[in-house]
Every structure is written in C-alpha cells, then in structure tokens.
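Undergrad: could you work out the structure for the sequence below:
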Amino acid sequence: MAQSQQQELPNVDGLVHTHPLVVGPSPLFEYRQQGPSSSPLKMPQGSSIPPPDLHHSPWRVIFPHVKLDPRSLQSKEWKQSVIAMNGHEMIYSMRYLHQSLSQLDELSGAPRGIFGVPISIVTYRDRSRVPLIVRNCVEDVERRGLEELGIYRVSGIATDVQTLKAAFDSNPKDALLQLKNYDVNVVAGTLKLYLRELPEPLLTDELIPSFVSAVALDDAVAKEQQMMSLLNQLPDPNLNSFMYLMKHLIKVTEHEQVNKMTLHNLATIFGPSMLRMKNEGLPMNISQEVVAQVQVVYYFLSDDKLSNVVQRQRTESVSL
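TA: Next up is the predicted model:
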C-alpha cells in the first residue's frame, strides 16, 4: 500500500480566490493553504470546497468535497487541519469570519446600495416582500404627513433628499433613525426618487405596453379582466410593492379635505415613475404618454380594484 505523502499546496499567483456563489447573510470561513505565502479562499457556511479547474490553474491536486459543520467552527482563532487526498495530504488552517451584507455583495459582485438596484435584489437583501425603504418612507408619511398640505405634490428640499438618499444607500438602519429629523416632504420626495431610479419601472418594461392598451378598452368587463390579469403577471416584488403603494395612496386621499390630494393628483404624480415608457411600438407624444400613465394608476386607485387581485402563496414571513 502506498505511503501517504504530505504536500504543501502552492499559492496561486498571490491572488485571493473567492467562491462565486457567495450570496445571502451566511458567515464565511477563510481557508489558507500552507506555504511561504498564502492566499485566502472564502467559502460560505455549510458549503463544500469546489474542485479547481485543472485546465486553467496551476493546482495539481483535487480538493475533496468537505462539508463544514458550523457548530465546530465558532472559534475566531486559526485552526490547522489535514485532508487526505489520493495519497497526498493537504495542510490547511481556517477560522470563523462574520461577513456583513455589504461585504457579501462585494464578494458576489452584486450591486451595492438601494437606489438604482433591481427591486428583486433589494427585497432579497431586506428579507421583505416590499423594499424596506418603501415601507419606512410610507410609514413615516402616514405617521406625520397624512394631513400635510400637498403631500407628494410639494417638493422637499433637493439637497436634503439627496442626503437622505445617500444615507439609505450607505446604511439603511441609520437612515431609518434619521427620518424623523427631516421634513416629511423630504421623506415623500425620497420615496418618489427611489421609484424613478429603479432600473426597470415598477410595472415592468414587458407589461407596460399591455397595461396602456388594456386601460384604453371601451368594454368595462374586458378592461377589468385584462388589467387584473396583467397585474397578476408582475413579479412578486413588483406586485407586492405596487399593491402596498396603492393602499397607501388610498389612505392619503382619505384626508383629502385637509391635504387637498385627490386620487387623480396622486395618479398624476406616481404614474410617470411607475410606468416609464420606452415608446417601442407605442407611437405617442409626451402628453399622450403621461395621460396613459395616469390612467393606469388611477384605474387601480379607484373603485377598490385591488381587492380583486389574486393573492399568491408565499413563504416570506413579513406581511403587507
């Protein structure tokens, strides 16, 4: 029987090798192969070490798949161990590292921040059916701004809106604590800015032309059937956020006598950001485009249409 040989693995060009599937809030474990100089290989908790690409790297031994047991890896001190591999032994050391979501985003290559980031990524990070920035701004407006004259129509100070935007992008928890220090119109303006800067409008590039066509139908029954069918075709984060905002705007109009904001006012404000059009296959001038955008949002705000939306089964723990 062949004698086991101990082999120290070479460093790969001094580069840091990162697992390509590092997503989510899991802690990481850092591995260093032994040698004159060592480079870390970060792996998510509970994952296996992937075999290297022998055709495109200088590795000459194959890693076995090693299951990590989180209970045995809580120490932050380096722990050395040996793995036997086909007549060789790999000496390695590891220690527990905790990674924040921002660090995980950096490792995985996901876009950072909140503004300009796809809503599906934001809701995944937030572990919420609705982006927390939307929820936080809405709750603050409902707490302080329902009787504010011209809420959502009156612009907040632009520099304050940009400051609050930067706060949400860098540290959403701190931004939430700062909300009460800003004028409520700044909070409302930050919510509108978030919707305008979504890389894809809330009602999606794919479905917006169909919404515009459906809302123009003369047959009321056919219009309702098509509008509701389209709404239920939206991705979950988009549908949840749209419904959440519609319910909020209806609540705003319940104070119309004081804040002077009607359903049509609010549809006019939110329609262009929720249904930004590419104008592909829709020969419209700007005025026709705005009218169509307003009509779609107004349709869902009026007559309690949202009660007819099919509720899908979801596993998220956070409710609307």
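
Undergrad: lowest mean pLDDT among the helices and strands, pick that one out for the protein.
TA: One helix or strand of the chain scores below all others by mean pLDDT, DSSP states H and E: strand 17-18, with a mean of 34.

Undergrad: which stretches of the stretch 101-250 of the chain have low pLDDT?
TA: By pLDDT under 70, the weakly predicted segments of the stretch 101-250 of the chain are 101-111.

Undergrad: buried sites along stretch 206-213?
TA: Of the residues in stretch 206-213, those buried by neighbour count under the rule 16 or more other C-beta atoms under 10 Å are 207-212. From N, CA and C alone the C-beta is placed, and that goes for glycine too.

Undergrad: again but with stretch 263-277, I slipped
TA: The neighbour-count criterion (16+ other C-beta under 10 Å) identifies 263, 265-277 as the buried residues of stretch 263-277.

Undergrad: also stretch 216-236?
TA: When neighbours are counted by 16+ other C-beta under 10 Å, the buried residues of stretch 216-236 are found to be 224, 226-228, 230-231, 234-235.

Undergrad: circling back to that earlier point, which among the buried residues of stretch 206-213 gets closest to His248?
TA: Within the buried residues of stretch 206-213, proximity to His248 (C-beta to C-beta) peaks at Phe211, which comes in at 20.0 Å.

Undergrad: the closest one and Gln293 touch, don't they?
TA: No - in this structure Phe211 lies outside contact range of Gln293 using C-beta atoms under 8 Å: 9.2 Å.

Undergrad: now list whatever residues contact both of these two.
TA: Leu275 (C-beta atoms under 8 Å, 6 or more residues apart in numbering).

Undergrad: go through the buried residues of stretch 263-277 and flag which are in strands.
TA: Helix and strand membership here follows DSSP state E; of those, not one is in strands.

Undergrad: other SSEs contacting the top helix by length along the chain?
TA: Scanning the chain for the longest helix, with DSSP state H as the assignment, gives helix 236-253. Other helices and strands packing on helix 236-253, by 3 or more C-beta pairs under 8 Å, 6 or more residues apart in numbering; DSSP states H and E, are helix 119-126, helix 132-144, helix 263-274, helix 286-301.

Undergrad: tell me the two of the buried residues of stretch 206-213 that are most distant?
TA: When these are compared pair by pair using C-beta to C-beta, the two farthest from each other are Leu207 and Val212, 9.7 Å apart.

Undergrad: would you point out the most distant pair within the buried residues of stretch 216-236?
TA: Put simply, by C-beta to C-beta the two of the buried residues of stretch 216-236 set farthest apart are Glu224 and Pro235, 21.9 Å from each other.

Undergrad: contact partners for Ala158?
TA: Contacts of Ala158 by C-beta under 8 Å, 6+ apart are Gly189.

Undergrad: quick one: the helices in this structure?
TA: In the chain, helices defined by DSSP H lie at 101-108, 119-126, 132-144, 158-170, 172-178, 184-196, 208-215, 220-231, 236-253, 256-259, 263-274, 286-301, listed in chain order.

Undergrad: any idea how far the closest residue in space to Asp169 that isn't next to it in sequence lies from Val186?
TA: What sits nearest to Asp169 in space, not counting adjacent residues and going by C-beta to C-beta, 6 or more residues apart in numbering, is Gly113, at 3.9 Å. Gly113 is 19 Å from Val186, where distance means C-beta to C-beta, to the nearest Å.

Undergrad: who has more neighbours, the two?
TA: When neighbours are counted by other C-beta atoms under 10 Å, Val186 comes out ahead of the other of Gly113 and Val186, with 22 against 15.

Undergrad: residue contacts, the more buried one?
TA: Contact criterion C-beta under 8 Å, 6+ apart gives 156-157, 160-161, 164 as the residues in contact with Val186.

Undergrad: for burial, what's the neighbour tally of Ile250?
TA: Here the number of neighbours of Ile250 (other C-beta under 10 Å) works out to 16.
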